[in-house]
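K.L.:
sequence-free structure coming up:
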């Protein structure tokens, strides 16, 4: 039985690897690790098909260290402890030159106790940990483990990267070369691949398998589209559909269409999506897209997240649906989201301006003598609990980051700010 094309073309060294130049390009951090053989613990975060497992295998092929793998889907605490025991024996061997490497695929699926069982081995140098995850490690990996492993983000492949893979497949793979290839257009091929190398090669595999022996493989927008329509993909919570459906779900809520939002929610539930993943996206949405137009949305989203932990499936679908409809029908504002993004951009451009002396903490006599906290005006001592004073670093003036949205809640807040900071404009 022949291997899938994605396996036949899997890179064996760093020079064959496609994409992620920020990590594996000349002088980039992971390339330097591989070339030196000194691998530090890290976690690879990115969507499917962008090279996480491939990078781990390249490290296994090129560095002189024991290499062990675990799948978070099929491994429990017992398996973790057994493999750590083997790694300890390896590390203590006089023949061992470097620490053993432990690669954990889908590390986000490990429970807290499973992740806890890794801590000591990573901290004392028994193993070098390499994890791979499609989920944000900030939510899915415990903080002590995150503090011991750098997180590197892998991006979806661009069209240039996909084209490089495509050319390698049609020029180097013996099975495809035995057919020959006639290329009319690759735009549909790249579009359906969606930045996923495995998806691209799987589509080519499908086209090759449906081509009669002795005939060339025809690649055009029409043929690619028709082939995929004849082989519709089921919802894959680890694949492209996972990201497409959550995108449609969020955009339906943003567009204030509760019916469409509930439809996509149902698609995710029927597809076996984890309720925490759905609820977490709703918490983000409540802050990013509803925001100050209705601050209660964030409270409800957080309550929904708590509720699904308490009741689970199938009843968890009810608070999820309630929250989805509430978020979809709520007034919308992204003013807080835009404000923090603008402020971050401003900070990166202006650097670390000093904190004004009157705003500094003065816990010691020396600091007080140096003027720390001097002339600070305590707002609660003034009418309306407000007094006009400078809160920015002096050289920066008073840049404006928050621009209130067009909704009653923010209009009231904006009016109050105007009355506080510019009373002269209100005839006061």
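P.N.:
That came through, no problem. Nothing here was measured: the structure is a model prediction, and the numbers come from that model.
K.L.:
in this protein, which spans are strands?
P.N.:
42-45, 67-71, 101-105, 128-133, 150-153, 181-183, 217-219 (DSSP state E).
K.L.:
sheet partners, orientation included, of the fifth one?
P.N.:
It refers to strand 150-153. Here strand 150-153 is paired, per DSSP bridges, with strand 42-45 (parallel).
K.L.:
before we move on, the earlier item: between the strands of the chain, which gets the lowest average pLDDT?
P.N.:
Note on these: lowest mean pLDDT is at strand 67-71, with a mean of 79.
K.L.:
report pLDDT for residue 47.
P.N.:
pLDDT at residue 47 comes out at 82.
K.L.:
was I right about it contacting residue 246?
P.N.:
No - taking contacts as Cβ atoms under 8 Å, residue 47 lies outside contact range of residue 246: 11.3 Å. Using the backbone N, CA and C atoms, a C-beta is placed for each residue, glycine as well.
K.L.:
all helices of the stretch 301-428 of the chain, in order?
P.N.:
317-329, 335-350, 365-369, 408-421 (DSSP state H, counting those that start in this stretch).
K.L.:
pLDDT below threshold where in the stretch 101-250 of the chain?
P.N.:
229-242 (pLDDT under 70).
K.L.:
try it again with 90
P.N.:
For the stretch 101-250 of the chain, the stretches flagged by pLDDT under 90 are 101-129, 131, 133-150, 155-159, 170, 172-248.
K.L.:
helices along that one, start to end?
P.N.:
Using DSSP H, counting those that start in this stretch, helices in the stretch 101-250 of the chain cover 112-123, 137-140, 143-146, 159-172, 174-179, 187-193, 197-209, 221-230, 240-254.
K.L.:
would you mind putting the helices of the stretch 301-428 of the chain into JSON lines with mean neighbour count alongside?
P.N.:
Output for those, formatted as JSON lines (neighbours: other Cβ atoms under 10 Å):
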{"stretch": "helix 317-329", "mean neighbour count": "19"}
{"stretch": "helix 335-350", "mean neighbour count": "13"}
{"stretch": "helix 365-369", "mean neighbour count": "11"}
{"stretch": "helix 408-421", "mean neighbour count": "14"}
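K.L.:
what's the closest of these to residue 399?
P.N.:
Smallest distance to residue 399 across these (Cβ to Cβ): 6.1 Å, for helix 335-350.
K.L.:
how far off centre is the closest one?
P.N.:
20 Å (Cα atoms, centre = their mean, to the nearest Å).
K.L.:
do the same with stretch 263-277
P.N.:
Counting by Cα atoms, centre = their mean, stretch 263-277 comes out at 19 Å from the chain centroid.
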